[in-house]
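Chemist: Just the structure for this:
(2 chains)
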Amino acid sequence: MMWLTWRQLRPQATIMLGALAVLITFLAITGPRLAHDYAAGTASCGSTGDCAGFTDTFFSDHAFAYFALTALVLAVPAVIGLFWGAPMISRELETGTYELVWQQSVTRRSWLAVKIGSVGLAVVVAAGLASMAVSWWAHPLDEAGVGDFPRLSPLMFDARGIAAVGHAAFAFILGVTLGLVLRRTLPAMAVTLTAFAIVQIIMPTLVRPHLLAPLRVDTAITAQNLSGVKASGPGGTVRGLEIGIGAPGAWILTNQTIDKTGTPVETLPAWVSACMPISPGKGDADAERSCFDRLAASGYRQVVEYQPANRFWALQALETAIFLGLALLLAAVCFWRIRPD
Amino acid sequence: MTAVIHAQGLGKRYGRRWALTECTLQIPSGRVTGLVGPNGAGKTTLLGLAVGQLAATTGTIDVLGARPAADANALARVGFVAQSTPVYAQLTVGDHLRLGARLNPRWDAGLAVERIRRIGLDSAQRAGALSGGQRAQLALVLAIAKRPDLLVLDEPVAALDPLARREFLQVLMEAAAEHSVSVVLSSHLVADLERVCDYLVVLVASHVRLAGEIDELLAQHRVLVGPRRDPAALADNLRIVSARHTERQTSLLVRSPDPVDDPSWTTSEVGLEDMVLAYMSPSADRTAPPALEVLP
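Modeler: Numbering: from 1, shown residues only, chains lettered A, B, ... in the order given. Okay, here's the model as predicted:
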C-alpha cells in the first residue's frame, strides 16, 4: 500500500520536495546575513541615536521578500488541501479506478488509513518545515517590524511557528473528505478552497481572540498614552481615541473610549481634537493640557483588550491542537463514509 | 451443489429506484457461469453486491461462504473485472503488476509476467496509452494473477471489437481451465457466453428465469412446429416457454425432460441464443400458458 501511495503521489511529491528544497536553500543562504546585518545595525545605532530610523530602513529594505515568504507560508495549507487532499479519493471515484484498487486484498479502511496516514504525515512535515524555516529567517524582520506587524496579528500568526502544521493537516483532510462526499475532483477542489478560506476568516476573528481570556487595561487618557484620533477627516467628527499601552508585539483586540457611565462612545465632542494637534510639537501646549484635563473631568476613559506578545506560543499550541482535532474528526467521517453503499 | 454465490431476497435501492428486488439465486462452484439478461435486469448491481462494491438494501448475499469483501482474506479470494475495466492511466503496465504483487498475498508473479508477455504488452508502457482491448486484458491479468477462488467479470467484452473480444475470452478460458477457478461472467451477447460458459443464469427483472447447465438446458428444450392449435391442450409434461401463431401454424418453444412423440409436431433442436431470447422476452412466463393470439 505504501508503495502504491508513493507511486501515485510521485509527481506532486516531487514538485513539493523541489519547492521545499529551493525555499530552504534560499533561506539558508540569505538568513544568516540578514540576522548579522540586523544585529550589527542594532548594536551600532545606539551611538547615532537613530535606532528607529535603522529598523524602519532595515524593514523596508527587505519588505518584499518578507511579505512574499509570509504569503507563501499562508498559501501552503490551501495548496495542500487543493492538490493533495481533494483529488485523493475523488479522482479514484471519477476515473473508476476505485473498482480496481478496492478489489485488491486490502480493505477500504486499511487503504484509507495508509493513504491518510502517510500522505497526511508528509504534508504536515512539509508545511511545518516551510513555516519554521520562514519563521527562523524572518526573525530579525519580525523584531524590526513589531510595531506594525506583530507575530500575533491575524495573518502573521498563520505564517509563523507551528500553526501551519494544524492548518495543513486540516486542509488536507478537508479536501479528502469533500472529495469522498462530492465524488468529483473539480467541485471538491472548489469547495475545499472556499471552506478553508471561510475557516481561516472565522478563526482569527471569532475564535482565536478568545482562546485565552484577553488582558484588559482601563486607564485615563493622557498626553503620554494617546496614540491616535479616529476622526472623519481633519476637523471632522471624532469617533474615538486610541491609546498605546506600552506592550510591544501585543495583539490589540479592542481600543475603545468609554464615557463616565462605562458605555463605549460613538462620537466625542469636537473640542477633543485639540488633544492631538495635527502637527506634533507645534500646537498650543496650554490648550492641549486643558483638553486632557477636560477629558478626565468629563469622565472619559480608555479600555484596551489585548493578547500580550508572550502568549504567542501558547496561542500557537492551542490553535494547532484545535485544527488537529478537527482533522481527526473529519478523518473519522472519511472512515465512516468509505463503506460500500 | 456447493454455491460460490448464494443470494436470498437480495434487494438494492438507489434513492427511490430499486435496481434489484427480491433476487434469490445460487451460482455453483467450479463452473464458468454466464449471467444474461436484458438491460436493467440487475446484472451489474448483482455482481457489484457479490464483490462488495455495493451494500445490499435488503436480503443477504454470501460469496464463498462469507460476506462479500468483509476482510482482506475475503477480498483475496475474489477477483473482479469491472465493466469499465479501470486501470491507472498514469501508471505503467509494470507498475500495475507491482501494485498487484504488493496488495495481494496470493499474487502469482510468474503467471502475471507470462500472461503479459503472451498478450504482447510492453511493461514500460503507460496504461493510459493502451487500447480498450489491451486495457481489458491488463485488468483481467490483475484479477487472475491474484489467484482467486472466484473470478467475477461484469460485461468485460461489451466495449471490445470482435477480435479483441475473442482474444479476451480465450485468455479467460485458459485461466479458468488451468487454475480451476469458478467464473461468473455477465454479458448480453449470448454468442460470447456460448463459447466460454457451461452454466447459464437468465436474469429478468431481478428474478431468475432459467438456470442450469447449458448442455442439459439445450437437451431439454425443443422447437415444435405444427398445425395451428391451442397450446393449453398440450401434454402435462410440456412447459411452454414461448408460442407463436400464424393463420395456420403454431410454433412453440417447450421444455420437457422427455422427447416429444406427438407425430403432429415437427420437432427440432433449439440454439442457445433463441432459447435465451425466448426466456428474456416479456411475454415468456413459465407458469401460465400464453394467451392465444393471432398474428397478421
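Chemist: Could you report the neighbour count for A:P204?
Modeler: 17 (other CB atoms under 10 Å in any protein chain shown). No exception for glycine: its C-beta is placed from N, CA and C like everyone else's.
Chemist: which residue sits closest to it, ignoring its sequence neighbours?
Modeler: A:P154 (3.7 Å; CB to CB, 6 or more residues apart in numbering or on different chains).
Chemist: show me what contacts that neighbour?
Modeler: A:P154 sits next to A:204-205, A:208 when contact means CB atoms under 8 Å, 6 or more residues apart in numbering or on different chains.
Chemist: With A:R337 instead?
Modeler: A:177, A:180-181.
Chemist: Same check on A:S110?
Modeler: A:1, B:72.
Chemist: pLDDT value on it, please?
Modeler: At A:S110, the model reports a pLDDT of 95.
Chemist: Okay, and it sits in which element?
Modeler: Assigned by DSSP states H and E, A:S110 falls within helix A:108-144.
Chemist: which of the residues in that helix are buried?
Modeler: A:108, A:111-113, A:115-116, A:119-120, A:122-124, A:126-135, A:137-144 (16 or more other CB atoms under 10 Å in any protein chain shown).
Chemist: repeat for stretch B:162-181
Modeler: For stretch B:162-181, by 16+ other CB under 10 Å, it's B:164-165, B:167-169, B:171-172, B:175-176, B:181.
Chemist: Stretch B:36-47 too?
Modeler: B:36-37, B:41-47.
Chemist: what about that stretch, start to end distance?
Modeler: 12 Å (CA to CA, to the nearest Å).
Chemist: For it, which outside residues touch it?
Modeler: B:7, B:10, B:12, B:19-21, B:23, B:35, B:54, B:80, B:83, B:152, B:154-155, B:184, B:186-188, B:190, B:193, B:200-206, B:276, B:280.
Chemist: dump the residue contacts of B:V157.
Modeler: B:V157 neighbours (CB under 8 Å, 6+ apart): B:136, B:164-165, B:168-169, B:187, B:189, B:192.
Chemist: A:K230 belongs to a strand?
Modeler: Yes. According to DSSP: H, G, I helix; E, B strand; the rest coil, A:K230 belongs to a strand.
Chemist: which helices and strands does the worst-scoring helix or strand of chain A on mean pLDDT pack with?
Modeler: The weakest-scoring helix or strand in chain A, judged by mean pLDDT, DSSP states H and E, is strand A:226-231 (a mean of 82). Judged by 3 or more CB pairs under 8 Å, 6 or more residues apart in numbering or on different chains; DSSP states H and E, the packing partners of strand A:226-231 are strand A:238-243.
Chemist: How about whichever helix or strand comes after the strand it packs on, which residues are buried there?
Modeler: Sequence order places strand A:251-258 as the next helix or strand after strand A:238-243, per DSSP H and E. Within strand A:251-258, the residues scored as buried using 16+ other CB under 10 Å are A:251-252, A:255-258.
Chemist: In PDB, list the C-alpha atoms belonging to whatever helix or strand comes next after strand A:251-258.
Modeler: Using DSSP H and E, the next helix or strand after strand A:251-258 towards the C-terminus is helix A:285-297. The C-alpha coordinates for helix A:285-297 follow below in PDB (Å, rounded to 0.1, in the frame of the first residue of the first chain):
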ATOM      1  CA  ALA A 285       0.700  73.400  24.900                       C
ATOM      2  CA  ASP A 286      -1.800  75.000  27.300                       C
ATOM      3  CA  ALA A 287      -4.800  74.100  25.100                       C
ATOM      4  CA  GLU A 288      -3.500  70.500  24.900                       C
ATOM      5  CA  ARG A 289      -3.200  70.300  28.700                       C
ATOM      6  CA  SER A 290      -6.600  71.800  29.300                       C
ATOM      7  CA  CYS A 291      -8.000  69.300  26.700                       C
ATOM      8  CA  PHE A 292      -6.700  66.300  28.600                       C
ATOM      9  CA  ASP A 293      -7.900  67.900  31.900                       C
ATOM     10  CA  ARG A 294     -11.400  68.300  30.300                       C
ATOM     11  CA  LEU A 295     -11.300  64.700  29.100                       C
ATOM     12  CA  ALA A 296     -10.600  63.500  32.600                       C
ATOM     13  CA  ALA A 297     -13.100  65.800  34.200                       C
END
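Chemist: can you give me the angle the helix or strand hosting A:I173 makes with helix A:108-144?
Modeler: In this structure, A:I173 sits in helix A:163-182 according to DSSP H and E. Orientation check (axes from the mean of the first three to the mean of the last three CA atoms, to 10 degrees): helix A:163-182 against helix A:108-144 gives 150 degrees.
Chemist: Now do the contacts for residue 147.
Modeler: By default, I'm working from chain A. Contacts of A:G147 by CB under 8 Å, 6+ apart are A:P248.
Chemist: wait, I meant chain B there
Modeler: Per CB under 8 Å, 6+ apart, neighbours of B:R147: B:104, B:106-108, B:111, B:179, B:181.
Chemist: Let me see the confidence value for it.
Modeler: pLDDT, B:R147: 94.
Chemist: With B:P296 instead?
Modeler: Confidence score, pLDDT, at B:P296: 45.
Chemist: what ranges do the helices span in the stretch 151-296 of chain B?
Modeler: B:162-179, B:190-196, B:214-220, B:272-280 (DSSP state H, counting those that start in this stretch).
Chemist: Who are the packing partners of the second one?
Modeler: Where contact means 3+ CB pairs under 8 Å, 6+ apart, helix B:190-196 is packed against strand B:32-36, helix B:162-179, strand B:182-186, helix B:272-280.
Chemist: would you list those in a markdown table and tack on mean pLDDT and distance to A:L4?
Modeler: What follows is these, written out as a markdown table (pLDDT from 0 to 100; distance: least, CB to CB, whole Å):
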| stretch | mean pLDDT | distance to A:L4 |
| --- | --- | --- |
| strand B:32-36 | 94 | 31 |
| helix B:162-179 | 88 | 24 |
| strand B:182-186 | 95 | 27 |
| helix B:272-280 | 92 | 41 |
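Chemist: JSON lines please, covering these and showing distance to A:Q316.
Modeler: Formatted as JSON lines, these follow (distance: least, CB to CB, whole Å):
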{"stretch": "strand B:32-36", "distance to A:Q316": "60"}
{"stretch": "helix B:162-179", "distance to A:Q316": "59"}
{"stretch": "strand B:182-186", "distance to A:Q316": "58"}
{"stretch": "helix B:272-280", "distance to A:Q316": "68"}
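Chemist: Mind checking the ones you listed for the one nearest to A:D50?
Modeler: With CB to CB as the criterion, A:D50 lies closest to helix B:162-179 of the helices and strands packed on helix B:190-196, at 82.5 Å.
Chemist: who's in contact with stretch B:264-274?
Modeler: Everything outside stretch B:264-274 that qualifies as a contact, by CB under 8 Å, 6+ apart, is B:190-191, B:193-194, B:200, B:214, B:218, B:221-227, B:253, B:259-260.
Chemist: quick revisit: just give me the closest of the buried residues of stretch B:162-181 to chain A.
Modeler: B:V181 (15.1 Å; CB to the nearest CB).
Chemist: Excluding covalently adjacent residues, which one is nearest to the closest one?
Modeler: B:L151 (5.2 Å).
Chemist: wait, that neighbour sits on B:V171?
Modeler: No. Counting by CB atoms under 8 Å, B:L151 sits too far from B:V171 to count as a contact (11.5 Å).
Chemist: joint contacts of the two?
Modeler: B:I144.
Chemist: Can you add distance to A:A332 and give the helices of the stretch 151-296 of chain B back as TSV?
Modeler: What follows is the helices of the stretch 151-296 of chain B, written out as TSV (distance: least, CB to CB, whole Å):
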stretch	distance to A:A332
helix B:162-179	41
helix B:190-196	45
helix B:214-220	50
helix B:272-280	47
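Chemist: so what does whatever helix or strand A:M189 lives in touch, helix or strand wise?
Modeler: For A:M189, the element it lies in under DSSP H and E is helix A:185-202. Counting contacts by 3+ CB pairs under 8 Å, 6+ apart, helix A:185-202 is packed against helix A:63-80, helix A:86-95, helix A:163-182.
Chemist: could you give me the average pLDDT of that helix?
Modeler: 97.
Chemist: Perfect, that will be all.
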